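[1] pasting the structure only:
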């Protein structure tokens, strides 16, 4: 089962040096040996999510990326602006594996019954270090995929599907009835759109371009607003009136968009007000920032009263909040609707070495709609 | 008991006209006649709080204030910038009474036992229209002051004391153990400082000037940081480390201060971290914006992970949340500590007419430390 005769396997690593340099490389690590309750998965598909790119690239300016090394074991070096090194202090000098989630075939299993039951099966897994040929993991953490599902189909079982369902679950738990979502043409956004159609939840999709709007309308989105359009504020307010959304999930973070959403919510809520209130509507308006597509400051023009909140939202604290039973229910739905609601699209499948090519990074590093890459860590290698 | 022979009394009014003008004036209103469960209070003291100035001045540029009318019934007119008229739409054309809270003597009482029991007593009252010679109000809404307390001593029984106690109560209910407070040298800030000393709660006071810092240190404040000082970020971080504050109440709202507080909290929390986490500390950091001393945008440099929230906080929704029993407990403490913990200082006592003088507005309109005015609506008038 080993990928070569010296019983080691390739793993992608990200290292930030005190000299303000990022170094991406492939290293050889020993083939893992499973404990009784563990299995070893030959990873055949692992997406490059925005959340992976944060760890992969750190604060480096990838336009400065310079390749070296060999074709089989490439090295990529990029500069980190001095002003951003402070934020990197916690990881300087640590060679970090990358890759939150993936899928593949169980090639070795520990002695426990649970582990043995997974031998030869295709599973989805989560927990970091997925940009590796082989990943050792507890059998209990594997999500068994249906027989007919490929590793590529199961590669994005966790981050995006759980995030989409987590948003809807947060909406229900916090007493809202409809949602606004930004960067809505993403794989995640399309997924959320399908979930909301199925669950009959009002969803206002905010995108940047007409092309993205067309994409979403093509898959049944009812409310799509283009943030750059001259009619944006009007369009967004009308869509919020139509849906009653008082909750937004914002992947962008920087700039004025989060505040604009609150402002349009307030306009929608006070449209029918008969009495002047200097403190604005008493209905709570919430924006959760769950991404950092724009790292510039969040600018809030506070023209939306006092019943508002902007805060961070992350999937894993949310899953802790709902507990193992709550999370298990979400996972069941994901497996049941893997090829429909929770299907992902990728622009290209690349090997570990290809993922470190500057041309590839120039594409997937933009985090643009339709530019998501899938790594197959065993592509082109003897399996 | 009427103030003049035609059985009317003076009341201050604020009117915004469609012509983008603010008009402040004194009008004569009929002497109120109480229902069985009501009393009429001769208002002898009513503070000009920042929250009153919002209603009083609206969005007007008070540097354009022009007096007219007579000495007894002055009128003041000021211009409203065109760009800010949209936010005023809800109140255009309405002549609004002003003044959230006050105190005075019950001069007429309805027939109910509860109302009759208040005859001749000095009470504190809340509910708007306090910049009036006489205010009719339900007996059940009166806070009976101790015999030895003057109206001036009881004039600020509600807004500042309940806000200070509301901050501490919010801290406890949301699982925090210490507080940061901005604009901390205000009457409210001094009150909060006394509450925190008494309740042994860590409090980090953020002020603008050395003079304000000296004032707070003079009344026992342990942690005072000057926001303009070159060492501010360091000082604030150390004070947060010392107190463990993960909650802040911000009266300023605009600019970068709210974000700086979150950033210093994050630095304090991650100082002892042994492992790098790209998502930052998992400890929730909260800033509540409860004022608008700076109406410019809130600018958040999001270098504080994802476990954060910035939101509006208002006293009245908070009181609704804790219910009548919770609010009654807070009021009991306020009456018991009226001359100590909850004492207020005023720079000057003015009549209704004097409150409309441009020179007076130039002072109290700055909302500066030590520039709070107290209106006595019956000053110089026959009582």
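    Received the coordinates, thanks. Please read these numbers as outputs of a predicted model, since none were measured by experiment. Numbers count the residues shown, from 1 in each chain, chains lettered A, B, ... in the order given.

[2] low-confidence ranges in the stretch 151-300 of chain A?
    Residue ranges of the stretch 151-300 of chain A with pLDDT under 70: A:274-276.

[3] C-terminal to the longest helix that chain A contains, what's the next element?
    Using DSSP state H to define each element, chain A has its longest helix at helix A:315-336. The helix or strand immediately downstream of helix A:315-336 is strand A:348-350, counting by DSSP states H and E.

[4] what is the helix or strand that that following strand is followed by packed up against?
    Counting by DSSP H and E, the next helix or strand C-terminal to strand A:348-350 is helix A:352-355. Contacts defined by 3 or more C-beta pairs under 8 Å, 6 or more residues apart in numbering or on different chains; DSSP states H and E place helix A:352-355 against strand A:8-17, strand A:373-375. In short, each C-beta sits where N, CA and C put it, glycine included.

[5] buried residues in stretch A:193-200, which are they?
    Buried residues in stretch A:193-200, counting neighbours by 16 or more other C-beta atoms under 10 Å in any protein chain shown, are found at A:193, A:194, A:195, A:196.

[6] swap that for stretch A:330-344, please
    For stretch A:330-344, by 16+ other C-beta under 10 Å, it's A:330, A:331, A:334, A:335, A:337, A:338, A:341, A:342, A:344.

[7] cool, stretch A:367-375 as well?
    By neighbour count on 16+ other C-beta under 10 Å, the buried set for stretch A:367-375 is A:367, A:368, A:369, A:372, A:373, A:374, A:375.

[8] and stretch A:34-44, by the same measure?
    Buried, per 16+ other C-beta under 10 Å, within stretch A:34-44: A:34, A:37, A:38, A:39, A:40, A:41, A:42, A:43, A:44.

[9] could you give the number of residues near the closest residue to the second one other than its chain neighbours?
    Going back to what we said before, that points to residue A:37. Of all residues not flanking residue A:37 in the chain, residue A:112 sits nearest, at 4.9 Å (C-beta to C-beta, 6 or more residues apart in numbering or on different chains). If you count neighbours by other C-beta atoms under 10 Å in any protein chain shown, residue A:112 ends up with 17.

[10] pretty sure residue A:17 contacts residue A:93?
    Yes. Using C-beta atoms under 8 Å, residue A:17 is in contact with residue A:93, at 7.0 Å.

[11] compare these two (neighbour count), which wins?
    Between residue A:17 and residue A:93, counting by other C-beta under 10 Å, residue A:17 is the more crowded of the two (13 against 8).

[12] show me the beta-bridge partners of the residue nearest to the more buried one when sequence neighbours are not counted.
    Residue nearest to residue A:17 in three dimensions, not counting chain neighbours: residue A:23, with 6.5 Å by C-beta to C-beta, 6+ apart. Beta-bridge partners recorded for residue A:23 (DSSP bridges): residue A:15, residue A:77.

[13] surely residue A:23 is in contact with residue A:75?
    Yes. Under the contact definition of C-beta under 8 Å, residue A:23 touches residue A:75, with a separation of 6.4 Å.

[14] residue A:293 versus residue A:251, what's the distance?
    Separation of residue A:251 from residue A:293 (C-beta to C-beta, to the nearest Å): 5 Å.

[15] mutual contacts of these two, please.
    Both residue A:251 and residue A:293 are contacted by A:50, A:183, under the criterion C-beta atoms under 8 Å, 6 or more residues apart in numbering or on different chains.

[16] of the two, who's got more company?
    Each of residue A:251 and residue A:293 had its neighbours counted (other C-beta under 10 Å), and the higher figure belongs to residue A:251 (22 against 16).

[17] is it correct that that one is in contact with residue A:182?
    Yes. Using C-beta under 8 Å, residue A:251 is in contact with residue A:182, at 5.6 Å.

[18] neighbours of residue A:261, how many?
    Around residue A:261 there are 28 residues (other C-beta under 10 Å).

[19] residue contacts, it?
    A:180, A:182, A:206, A:236, A:248, A:250, A:287.

[20] and it, that one's in a helix?
    Yes. Residue A:261 sits within a helix when classified using DSSP: H, G, I helix; E, B strand; the rest coil.

[21] for it, which non-adjacent residue is spatially closest?
    residue A:248 (4.7 Å).

[22] which residues of the stretch 151-300 of chain A fall in strands?
    A:178-182, A:202-207, A:223-226, A:247-250, A:253-255, A:285-289, A:294-300 (DSSP state E, counting those that start in this stretch).

[23] mean neighbour count and distance to residue A:271 for those strands - can I get that in a markdown table?
    What follows is the strands of the stretch 151-300 of chain A, written out as a markdown table (neighbours: other C-beta atoms under 10 Å in any protein chain shown; distance: least, C-beta to C-beta, whole Å):
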| stretch | mean neighbour count | distance to residue A:271 |
| --- | --- | --- |
| strand A:178-182 | 25 | 16 |
| strand A:202-207 | 26 | 16 |
| strand A:223-226 | 22 | 17 |
| strand A:247-250 | 26 | 18 |
| strand A:253-255 | 20 | 25 |
| strand A:285-289 | 25 | 14 |
| strand A:294-300 | 19 | 21 |
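
[24] can you name the two of the buried residues of stretch A:34-44 that sit furthest apart?
    Spanning the widest gap among the buried residues of stretch A:34-44 are A:37 and A:44, at 22.8 Å by C-beta to C-beta.

[25] sec struct for residue A:39, please.
    Classification of residue A:39 using three-state DSSP returns strand.

[26] what parts of the stretch 251-383 of chain A come near chain B?
    Within the stretch 251-383 of chain A, the residues that sit near chain B (C-beta under 8 Å from any C-beta of the partner chain) are A:253-254, A:256, A:259, A:270, A:273, A:275-279, A:282, A:289-290, A:292, A:295, A:297-303, A:305-314, A:317.

[27] and those, which are buried?
    Neighbour-count burial (16+ other C-beta under 10 Å) applied to these gives A:253-254, A:259, A:270, A:289-290, A:292, A:297-300, A:302-303, A:305-314.

[28] first-to-last residue distance for stretch A:169-188?
    15 Å (C-alpha to C-alpha, to the nearest Å).

[29] how far is that stretch from where the chain is centred?
    15 Å (C-alpha atoms, centre = their mean, to the nearest Å).

[30] where in the stretch 1-150 of chain A is pLDDT low?
    Scanning the stretch 1-150 of chain A for pLDDT under 70 picks out A:1-5.

[31] swap the cut-off to 90 and go again
    For the stretch 1-150 of chain A, residues meeting the criterion pLDDT under 90 lie at A:1-6, A:50-51, A:71-73, A:83-84, A:86-90.

[32] residues from it in reach of chain B?
    Counting by C-beta under 8 Å from any C-beta, the residues of the stretch 1-150 of chain A near chain B are A:54, A:55, A:87, A:90, A:91, A:94, A:96.
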